[in-house]
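> okay, here's the prediction I keep looking at, along with the sequence it came from:
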Amino acid sequence: MKTLLKTTAGLLLLLPLFSTADNISSDSISTEVHGQQQNRMQTIKVQNSAVNQSYQSATWFHSIDISLARDDNYNGYFHQLYVEFDADTDYSYQQIFAELSLTPDYGYERVYYTSSVFELFGDNSNDWLGIETDLQHQYPTNFYLLTIRLYDASTGYLLAEASGYDLSALDALTLEDFQRDQIQTSSSVEVSAGSIGMLALMALCLLFLRRQEQH
């Protein structure tokens, strides 16, 4: 089994979008890119390590790429996540689909995307799948653990699983949804005269009148 893991840190630079499937929900918007299309990832920093996996069968992860982008309010948390992986199989041809989930610290796992059915061709490196997701709602600012599962398209059986429990690159992802990532504009401060200010003004008026009477 190949054991290359490419973990990308920093902002994701994107080329024009070539999508084959879109998954839109109220909480996130995801777009798929397949290996037959142009790879849109341009890595800034690459780290190689073994792809440890929670579970694998005759199908396994060959490589996994992670990129974070869009930190609009510059607080170190991003609302765009790009996951690209290449899986291999002992079979010459296999149809599968992927399921991706995020788990915050002290929270519950939440599936945010289920892919379309795609094909694996043995150990071919051109059958990778990329998924770009914009988190929209219901993702508080937090550290998130990413889990990727592969299922057989015919039987629904779990074939392979990798997560932040196995790979540090998939753990502690600094994420927040778009609503929380918006840049806060400065608000004007309204100044009003309170009761103390009015009393002081009245006292000054009375003092002025008394001085006029003395003259």
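Structure received.
> which ones are touching the closest residue to residue 147 other than its chain neighbours?
Distances taken as CB to CB, 6 or more residues apart in numbering put residue 163 closest to residue 147, at 3.8 Å, once the chain neighbours are dropped. No exception for glycine: its C-beta is placed from N, CA and C like everyone else's. Counting by CB atoms under 8 Å, 6 or more residues apart in numbering, residue 163 touches 54, 145-148, 170-171.
> 10 Å - rerun?
52-55, 101, 103, 109, 145-149, 170-171 (CB atoms under 10 Å, 6 or more residues apart in numbering).
> out of the residues you listed, give me the one that has the most neighbours.
For the contacts of residue 163, the largest number of neighbours (other CB atoms under 10 Å) sits with residue 148, at 25 neighbours.
> check which helices and strands the helix or strand that contains that residue sits against.
Element membership of residue 148 [criterion: DSSP states H and E] is strand 142-152. Applying 3 or more CB pairs under 10 Å, 6 or more residues apart in numbering; DSSP states H and E, we find strand 142-152 packed against strand 55-56, strand 59-69, strand 80-89, strand 94-104, strand 110-114, strand 129-135, strand 158-163, strand 173-175.
> can we see that at 7 Å?
Counting contacts by 3 or more CB pairs under 7 Å, 6 or more residues apart in numbering; DSSP states H and E, strand 142-152 packs against strand 80-89, strand 94-104, strand 158-163, strand 173-175.
> any chance of those in CSV with distance to residue 119 as columns?
CSV is the format used below for those (distance: least, CB to CB, whole Å):
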stretch, distance to residue 119
strand 80-89, 10
strand 94-104, 6
strand 158-163, 13
strand 173-175, 28
